[in-house]
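give me the fold of what follows.
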Amino acid sequence: MVRVMAGNRRGWEGINMMTKQAFLDRKPAVKRIEIPEWDDCVYIKKMSAGERVQLVRNTTKVSGKDISLNEENFMDSIVRTCQTVLCDSDGVRLFDDSDDDFGILNDKDGAVLSMIFSDIMAFNGMGLTEEKDALKN
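From the prediction side, this is the model:
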């Protein structure tokens with residue numbers, strides 16, 4: 001950590017600032033999700049900025065100033081998001097971006113994947129409202 005002096009209304013005080021390397025070394029937060037239908041659990045990780053952008057692009061469609069759910073791509077987006085975010089307890093992805101891994105997940109119980117997707121969205125502080133706001137900016 002680098003110690004930086006910063007001013008505010010109360011005067012100067014020391015503030016710790018993360019170094020670039022420390023920033024790059026940060027691992028995403030991980031959450032355990034129970035899957036009662038499978039009598040098991042999975043782990044999900046926080047999405048990177050790029051993963052969030054891709055999700056927004058895949059799940060919404062823009063027409064002028066109107067933003068709506070892209071129902072044509074929605075189930076594919078659920079599977080792709082699970083493919084990207086499912087991980088082990090250390091945050092290491094379980095699946096790569098290959099079409100083979102997409103097919104493996106696509107053959108799983110859609111209701112379970114939808115439940116996992118809902119948990120992913122909540123864990124990442126996202127919903128359709130947040131996606132619309134992201135597209136406007």
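
rest of the way, CA atoms for contacts and neighbours
Fine.

now the strands for this protein?
Using DSSP state E, the strands assigned to the chain run over residues 2-8, 11-17, 30-35, 40-45, 60-63, 66-69, 86-87.

how close does Val92 get to Gly110?
Using C-alpha to C-alpha, to the nearest Å, we find Val92 at a distance of 23 Å from Gly110.

next, give phi and psi for the residue nearest the centre of the chain.
The residue at the geometric middle of the chain, judged as the C-alpha nearest the mean C-alpha position with C-alpha atoms, centre = their mean, is Met47 (2.8 Å). In terms of degrees, to the nearest 10, the main-chain angles of Met47 are phi -80, psi 150.

by residue count, which helix of this structure is the longest?
Taking residue count as the measure and DSSP state H as the definition, the longest helix of the chain comes out as helix 110-123.

can you give me the buried ones in that one?
In terms of neighbour count (16 or more other C-alpha atoms under 10 Å), helix 110-123 has its buried residues at 113, 116-117, 119-121, 123.
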